[in-house]
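J.: heads up, no residue letters with this:
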């Protein structure tokens, strides 16, 4: 629940953040957030301490995914955007997972 609530909130603000900071900086912020979260999770001794960092996971996932789709939409000609989105999803959900 914490993860999804923070993800929903992040989706509302991602457009303004991309306009203000640009695609590359948002990608870097998402990767940094994930790296910090992974290190934190590796050091946990009590499982309930994961809950505060689920908030960060929701934000980083939403920011990176929305930024990736926005970047693809700007980089690909309009008639190829559906295929581009399919390739992005195939890479992320197929190879990435």
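T.: Thanks, I have the structure now. If you're wondering where the values come from, they're calculated on a predicted model, not measured in any experiment. Numbering: from 1, shown residues only.
J.: what does the helix ranked longest in the chain contact?
T.: Taking DSSP state H as the assignment, the helix of the chain that covers the most residues is helix 51-75. Outside helix 51-75, the residues that touch it by C-beta atoms under 8 Å, 6 or more residues apart in numbering are 2-11, 14-15, 17-18, 23, 26-27, 29-31, 33-34, 36-37, 40-41, 81, 84-85, 88, 92. Every residue, glycine included, has its C-beta placed from N, CA and C.
J.: distance between it and the chain's centre?
T.: 2 Å (C-alpha atoms, centre = their mean, to the nearest Å).
J.: repeat for stretch 42-49
T.: 23 Å.
J.: ok, now stretch 41-56?
T.: That offset, for stretch 41-56, works out to 18 Å (C-alpha atoms, centre = their mean).
J.: buried sites along that stretch?
T.: Within stretch 41-56, the residues scored as buried using 16 or more other C-beta atoms under 10 Å are 53-56.
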